[in-house]
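**Student:** Provide a 3D model corresponding to the input given below.
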Amino acid sequence: MSKYIKQVVCVVAGILLAPITHASDKLSITWLETDNKPFFLDKSEQYPFGGLCNNITDQLIEAMPNFKHRKSLLPPKRLSKYLDEGHLACYACMIHRDKKTNRATYSIPTTVYPPFSVLSTKEKALKIKQKHGNPVSLISLLTDANFMYGQNDARKFGSKLDTIAKNTKLYESAALSGTGSHANQALLSQLEHGYIDYTIDYPYVADYYNQQNQQNIQKLTIVNPAQNVVFGAIGCSTNAPNNYAEKVLAEINEALKSKVLPSERYQQSQRVWLEQSFPEFSTYYQRYILDPLKETAIDEITTPADHP
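**Tutor:** Model prediction:
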């Protein structure tokens, strides 16, 4: 083969292989999901958006075609381990933190959840209110050995509540439920049947359980400590190599700002779950999620360029 023909063959081969090489260089995201209802649900006529966290994952996949995407269903505890091990993965259903943790680095806030509540049966809720007030003093309740506290052992509530719970001696003897299939529903079933007296979770978790099981799990407002709304976020593995979390979250944040968070489809996917127990959701979403996006856009317009 002549030198000229060899050069032509190499050029043609390079052209043909270029798209393949480029495709293989795409960053990948494994989107972690659980079967923990109502956070993740199969889409259906009753739940066209799926669960609370399905839609944001789907919209980000649509908005980021330059990434390879796949989904992986894991139990909550194994999901945490997967992030800890530094896999190229993100989870769309985390509590927002301003600073990254050893497990996850966080996106901008994605939604607004109502404050956590004490969940209990009608009979036990009455006794809790009589002894610990209404709203309930959580610190007082957590130190009362007459009431059995239950929690999924991988459940997190944010730094303030986690610290209070773990610093309470009663926590050591709490009924820590496993985190296998349908962990939230299994825990509320234990509550319904008297194995535990109360747990802590979002009020809409009780709403879903009541609707599905024709029950009347009560939602008690918490004071001491005073509760604020909770912000959701995307979390990506801090331990992933080559600054993976920072690189991926730069793209995720851009997609959130420009496409996902302003979309009516996403906002409706949140309203259907949150407004029953959190009628102020739309007001809070506008104030804490959408309004900061406008401020960012104004800052970008008014900030002087670094070059002529």
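**Student:** point to the residue nearest the middle of the protein.
**Tutor:** residue 93 (1.4 Å; C-alpha atoms, centre = their mean).
**Student:** pretty sure it sits in a helix.
**Tutor:** No - in this structure, residue 93 is strand, not part of a helix, as judged by DSSP: H, G, I helix; E, B strand; the rest coil.
**Student:** and the closest residue to it other than its chain neighbours, how far is that from residue 255?
**Tutor:** Counting by C-beta to C-beta, 6 or more residues apart in numbering, the nearest residue to residue 93 once its immediate chain neighbours are dropped is residue 53, at 3.9 Å. Heads up, the C-betas are built off the backbone N, CA and C, glycines and all. When distances are taken as C-beta to C-beta, to the nearest Å, residue 53 and residue 255 turn out to be 16 Å apart.
**Student:** how's this protein carved up into domains?
**Tutor:** By the record's domain assignment, the chain is partitioned as 28-112+230-302, 117-223 (automatic domain parsing).
**Student:** mind listing what the nearest residue to residue 259 once chain neighbours are set aside touches?
**Tutor:** For residue 259, the nearest residue in space outside its immediate sequence neighbours is residue 63; the separation is 4.5 Å by C-beta to C-beta, 6+ apart. Applying C-beta atoms under 8 Å, 6 or more residues apart in numbering to residue 63 gives the contacts 255, 258, 259, 260.
**Student:** the residue nearest to residue 93 contacts residue 37, doesn't it?
**Tutor:** No - in this structure, residue 53 is not within contact of residue 37 by C-beta atoms under 8 Å, at 10.8 Å.
**Student:** for stretch 266-273, buried residues please.
**Tutor:** When neighbours are counted by 16 or more other C-beta atoms under 10 Å, the buried residues of stretch 266-273 are found to be 266, 267, 269, 270, 271, 272, 273.
**Student:** which one of the contacts of residue 63 has the most neighbours?
**Tutor:** Ranked by neighbour count (other C-beta atoms under 10 Å), the contacts of residue 63 have residue 260 at the top, with 22 neighbours.
**Student:** contact partners for that one?
**Tutor:** When contacts are counted by C-beta under 8 Å, 6+ apart, residue 260 touches 56, 59, 60, 63, 110, 266.
**Student:** low pLDDT regions in the stretch 51-200 of the chain?
**Tutor:** Counting by pLDDT under 70, the stretch 51-200 of the chain contains low-confidence residues at 153-156, 158-159, 165-181.
**Student:** thinking again about what came up before, hang on, isn't the residue nearest to the centre of the chain packed against residue 39?
**Tutor:** Yes - counting by C-beta under 8 Å, a contact exists between residue 93 and residue 39, whose distance comes to 5.2 Å.
**Student:** shared neighbours, the two?
**Tutor:** Common neighbours of residue 93 and residue 39, counting by C-beta under 8 Å, 6+ apart, are 52, 53.
**Student:** ok, of the buried residues of stretch 266-273, which one's closest to residue 75?
**Tutor:** Proximity of the buried residues of stretch 266-273 to residue 75, judged by C-beta to C-beta, is greatest for residue 273, which lies at 21.8 Å.
**Student:** which ones are touching the closest one?
**Tutor:** The contact partners of residue 273, by C-beta under 8 Å, 6+ apart, come to 38, 51, 52, 204, 208.
**Student:** lovely, talk soon.
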